[in-house]
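K.L.:
Quick one, what's the 3D model for this:
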Amino acid sequence: MKHLLTLIFIWAILVAYGQQPQVIDKVVATVGDEIILLSDIEEQLDYDKQRLGSLSDGAKCAILERVMVQKLLVNQAKLDSVIVEDDRVEQQLDQRIDYILGLMNNDISQFEDYYSKTVAQVRNEMREDLRSQITAETMQGKVIENTSITPSEVKTYFEQIPVDSLPYFSAEVEIGEIVVYPEVSPDERQIALDRLQGLRDRILAGESFADLATKFSDDPGSARVGGDLGLQKRGTFVPEFEAAAYNLTEGELSDIVESPFGFHLIELIKRRGNLIHTRHILIKAVINQEDRDMAKSKLDSIRTVFLSDSMSFEEAVKKFSNKEEQSFNNGGRVVNSLTGNTFFETADLDVDIFFAIDTMKVGDLSNPVEFKKPTGESGYRIILLQSQTDPHQANLKQDYTKIKRAAIEERKVEYLNKWLDEKVLSTFVQVDPVLLEGCDNLRKWSTPQTELLKP
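P.N.:
Model (predicted):
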């Protein structure tokens, strides 16, 4: 059942609307006011077979139960007046369409050739299935939203785990950071502006935008193709770039636009609704060694203030750290993007952080450490080692938060299973007897409320 609940909302969107052979449809089950069609089951089987390569003997039974659970949740949502807002459906619908288009390089003609339908037609066909999925998710969330657990129950949960089954946890650390980026000097800023203005003048005088982008742009990815950024949806670019690009008319050249990446010239090639096709030339102001030295010197001063006990780490973060960093709003604590919490296994740390804290004790603050963002931008940070654990077998003292989280997840599954069992007993169900054959997992659906559909 836990596996069932994990997979309940995985649906074959691409398969469902692709060029698949059509089955002769019929109703094979009814759950409350919700019906299940044979095509629902066949399409999911088709999708799982393509995804997994082969199917187990009980695949159809598992899929049917998955669909029936969703229909039960949707039916109960109607009874409980659980409403899914249209905006939420449309937002997720946009995301799915954008995802499919992204796989096709945002080529609408390729999309329409593949599906033999317009984008609007595919959207319309997806909408109600997506609404049903979101409704089921919302209803499930309401069933388990008040799940809680007491410390004594966490202890009981832990003590029921056999000692030889207790997991081993690797060494973990929690770290804080104060981040400073070198600031471009006024002279270098003006040099970059003058350079880009010169390129703009040359384009207006008739020179090729693409040729100049290839020769001079500091964006290596787009420079190779004459600055071309392709057809992209709204929200792809940083706000400064996007605001300028969407205000252009086709063929128009922008003024100089500043963004966190540098200075841009933008040309709008074409626009299709919410999609824009642009190209740009990026010029970055040079950060020289003096600028870097000033950033490091600033961090050295911050470190001195902290070590003198005249300011707490959290206060120093609020006063000095870069406001765009995730850690700024978390008291300087760095969140592990892999787990969503603040603990890092040492093997998951960036190399520069690992070596910076390798000989530190809890409470120590490192010297300034240089790092590079994925965009290539260099910055400096000082790192506080906030906590550290050695490799160990799970125990309540060191791992209470993790154990509590696991116990709550198990409790949620128990609550949901109990709720489902109760609702099956009180909900009218009809099932095609052919589908019930050999499906032991569907026994609970064969209740006094259940009727068999006549052939």
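K.L.:
What strand or helix carries L416?
P.N.:
helix 396-426 (DSSP states H and E).
K.L.:
Could you give the average pLDDT over that helix?
P.N.:
If you average the pLDDT over helix 396-426, you get 91.
K.L.:
now stretch 79-95
P.N.:
For stretch 79-95, the per-residue pLDDT averages 90.
K.L.:
Quick check: buried residues in it?
P.N.:
V82, V84, V89, Q92, L93 (16 or more other CB atoms under 10 Å). From N, CA and C alone the C-beta is placed, and that goes for glycine too.
K.L.:
Quick one: neighbours of D440, just the number.
P.N.:
8 (other CB atoms under 10 Å).
K.L.:
what do you get for the one 4 residues further on?
P.N.:
Neighbours of K444 under the rule other CB under 10 Å: 12.
K.L.:
Would you map out the domains in this structure?
P.N.:
Taking automatic domain parsing as the reference, the chain has its domains at 2-148+410-452, 171-183+288-390, 186-283.
K.L.:
between those domains, which gets nearest to T401?
P.N.:
Shortest distance between T401 and those, using CB to CB, is found for domain 171-183+288-390: 7.8 Å.
K.L.:
Which pLDDT does the model give C61?
P.N.:
pLDDT, C61: 85.
K.L.:
Return the set of buried residues in whatever helix or strand it lives in.
P.N.:
For C61, the host element (DSSP H and E) is helix 59-79. Within helix 59-79, the residues scored as buried using 16+ other CB under 10 Å are 60-77.
K.L.:
Give me the contact list for that helix.
P.N.:
4-5, 7-9, 29, 31-36, 40-41, 44-45, 48, 82, 132-133, 135-136, 138-140, 420, 423-424, 427, 429, 435, 438-442, 445 (CB atoms under 8 Å, 6 or more residues apart in numbering).
K.L.:
And stretch 337-347, by the same measure?
P.N.:
170-175, 330, 333-336, 348, 354, 401.
K.L.:
One more: stretch 305-322?
P.N.:
By CB under 8 Å, 6+ apart, the list of residues contacting stretch 305-322 reads 176-181, 298, 302, 327-328, 331-332, 365, 379, 384.
K.L.:
Mind listing what's buried along that stretch?
P.N.:
For stretch 305-322, by 16+ other CB under 10 Å, it's F306, M311, F313, A316, V317, K318, F320, S321.
K.L.:
now do stretch 117-137
P.N.:
K117, V122, R123, M126, L130, R131, S132, Q133, I134, T135, A136, E137.
K.L.:
And the third one, how far from N274?
P.N.:
The reference is to R123. Taking CB to CB, to the nearest Å as the criterion, R123 is separated from N274 by 13 Å.
K.L.:
Need the residue closest to the centroid of this structure.
P.N.:
S337 (10.3 Å; CA atoms, centre = their mean).
K.L.:
Am I right that that one falls within a strand?
P.N.:
No: read with DSSP: H, G, I helix; E, B strand; the rest coil, S337 is coil and lies in no strand.
K.L.:
List the ones among the contacts of stretch 337-347 that fall in strands.
P.N.:
E172, V173, E174, I175 (DSSP state E).
K.L.:
on that earlier part again, next step: the contacts of helix 59-79 restricted to helices.
P.N.:
Per DSSP state H, helices hold the following members of the contacts of helix 59-79: 4-5, 7, 40-41, 44-45, 48, 132-133, 135-136, 138-140, 420, 423-424, 435.
K.L.:
what's V238 in contact with, if anything?
P.N.:
So V238 contacts S259, P260, F261 (CB under 8 Å, 6+ apart).
K.L.:
And the pLDDT at it?
P.N.:
91.
K.L.:
From E112, how far out is Q121?
P.N.:
9 Å.
K.L.:
What residues of stretch 421-432 count as buried?
P.N.:
Under the neighbour-count criterion of 16+ other CB under 10 Å, stretch 421-432 has K423, V424, T427, V429, Q430, V431, D432 buried.
K.L.:
With distance to F344 as added columns, please give those residues in a markdown table.
P.N.:
Output for these, formatted as a markdown table (distance: CB to CB, whole Å):
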| residue | distance to F344 |
| --- | --- |
| K423 | 42 |
| V424 | 44 |
| T427 | 46 |
| V429 | 48 |
| Q430 | 53 |
| V431 | 49 |
| D432 | 52 |
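K.L.:
out of those residues, what pair is the most spread apart?
P.N.:
Counting by CB to CB, the most remote pair of these is K423 and D432, 20.8 Å apart.
K.L.:
so E370 bridges to which residues?
P.N.:
With DSSP bridges as the criterion, E370 is bridged to Y380.
K.L.:
Spit out the contact partners of it.
P.N.:
R292, D352, S378, G379, Y380 are the contacts of E370 under CB under 8 Å, 6+ apart.
K.L.:
Which among the residues you listed count as buried?
P.N.:
Buried members of these, scored by 16+ other CB under 10 Å, are R292, G379, Y380.
K.L.:
now the strands: where do they sit in this structure?
P.N.:
Using DSSP E, strands in the chain cover 27-31, 34-37, 168-169, 172-180, 228-233, 257-259, 262-272, 275-283, 344-345, 369-372, 378-389, 392-393, 429-431, 450-452.
K.L.:
and the ones you listed, which one is worst for confidence?
P.N.:
Taking the mean pLDDT of those, strand 450-452 comes last: a mean of 57.
K.L.:
Fine by me, thanks again.
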